[in-house]
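>>> Next one to model:
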Amino acid sequence: MAGGGIVSDMSESKKNKLKKPMLIMLISLGVLFAIIFAYKAFGGYMMKKYMSQKPPPATVSVMKASYQDWQPIIKASGSLRAVKGVDVTTEIAGLVSNIHFIPGQNVKNKEVLVELNADSEMAQLKSLEATAELASVVYERDKAQFAIQAVSKATLDADAADLKSKTAQVTEQAAIVAKKTICAPFDGRLGISYVNPGQYMNPGDKVVTLQALDPIYVDFYLPQQTLVQIHVGQTIKMTTDTYPGRFFTGKITTIDPRVDPATRNVQVEATLSNADFALLPGMFSSVELETGASQRFITLPQTAISFNPYGEIIYIVKETGKDSLGKPVLTATQTFVTVGETRGDQVSVLKGIKEGETVVTAGQLKLKNGSEIIINNSILPSFDEAPKPVNE
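The predicted structure is shown next:
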């Protein structure tokens, strides 16, 4: 019995020793979880407090939506071309003996530009003229003889044929001599000279360029769907970056009767007055054609339009109450719109806005639907239908 009591006391002692570490571990876990829960609760409280705070009002610029009259316009890029323009060349070979023009000058039709040496051709012409003169004398003599039956009809016919042949040779040689003198084929302005005295020229060698500058053509291409909107005699406006801000007017003179099957565009030619020779062939130009009656659109600066995957949006300014000082509280309301044609800095709005509504034009990146705003119009976005380049 005594031995059994000792064993029982020893097992109880072991159990007490095991309970203490377990209790300590459980208490430690409890404290750890309590700390975690307290941290989470504190974080949630701080987040709720932060979210309950209103962000400061965003500073934006605004403008009132208004109507503008827009004339429907077709725009195209064009290239200027001379009404008459050639590179003056020589038709036959020869040595340059005289140059009668100054590069860049204006010349008249048939005015002599260059003379080639024609001494040998002139000598041959005189020889042929003498031969033709002799043939004419023989023909006239035999013609008188034939009248008294002194010569046969065959002899007279041979003399006539010989006279015609000799006369044709004279005409041919005279044409060769004339080709030795190179003249302007029409009125115009000369370009840079490509010849020098004593230079030998082959047929087709370039002498000088000649361009008739007044009037002048502008060629441009339009899509085939615009054919119903254009016609011969229609007025066009043209600009070129050579003369910023200057407009040149002209009229359509030709519409090509063939549409390019590769691009489905049609070539159009217009004629412009160029009395001061300001326009030169080869210049790039921008062409505008007014079509139809003018239309009224609500227009906004392009900066007022924001884009997202669901469409185009604007922010309309609304008064939602008063603050503690009695000043109006302004908020930006997000609104979807349908936009149309753009011109310069402007864009037409077809749906989603009414005339007179105040629209945010700059500062939208700081906004969301219902954001409070402060208006500052000290700097406004550009709102020009036809902005001009700025030279810095």
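
>>> part of a strand, is Gly292?
No - checked against DSSP: H, G, I helix; E, B strand; the rest coil, Gly292 lies outside a strand; its state is coil.

>>> From Gln234, how far off is it?
12 Å (CB to CB, to the nearest Å). Bear in mind the C-beta positions are built from the backbone N, C-alpha and C, glycine included.

>>> who has more neighbours, those two?
Applying other CB atoms under 10 Å to Gly292 and Gln234 shows that Gln234 carries more neighbours, namely 16 against 9.

>>> hang on, isn't the more buried one packed against Leu289?
Yes - the criterion here is CB atoms under 8 Å, and Gln234 meets it with Leu289 at 6.3 Å.

>>> pLDDT value on Val138, please?
Val138 is assigned a pLDDT of 84 by the prediction.

>>> just to revisit the earlier point, any shared contact partners between Gln234 and Leu289?
Contact criterion CB atoms under 8 Å, 6 or more residues apart in numbering; residues bridging Gln234 and Leu289 by contacting each: Ile252.

>>> so what are the domain limits for the chain?
Recorded structural domains for the chain (assignment: automatic domain parsing) are 58-69+296-375, 93-201.

>>> all helices for the protein, in order.
Taking DSSP state H to define them, one finds helices in the chain at 2-51, 119-147, 153-179.

>>> which phi and psi does Ser294 have?
phi -70, psi 150 (degrees, to the nearest 10).

>>> what does Asn377 give?
phi -100, psi 30.

>>> Find the nearest non-adjacent residue to it, please.
The shortest distance from Asn377 to any non-neighbouring residue, by CB to CB, 6 or more residues apart in numbering, is to Ser61 (5.1 Å).

>>> tell me the pLDDT at the one you found?
88.

>>> Could you count how many residues lie near the closest residue to Gln346 other than its chain neighbours?
Counting by CB to CB, 6+ apart, Gln346 lies nearest to Thr299, which is 4.7 Å off, once chain neighbours are set aside. Residues lying near Thr299 (other CB under 10 Å) number 24.

>>> what pairs with Thr299 across the strands?
Legend: beta-bridge partners of Thr299 under DSSP bridges are Ser66, Ser348.

>>> Please look at it and Asp345 and confirm they touch.
No - the criterion here is CB under 8 Å, and Thr299 misses it with Asp345 at 9.7 Å.

>>> ok, now which ones touch Asp187?
With CB under 8 Å, 6+ apart, Asp187 has these contacts: Asn106, Val107, Lys108, Asn109, Ala212.
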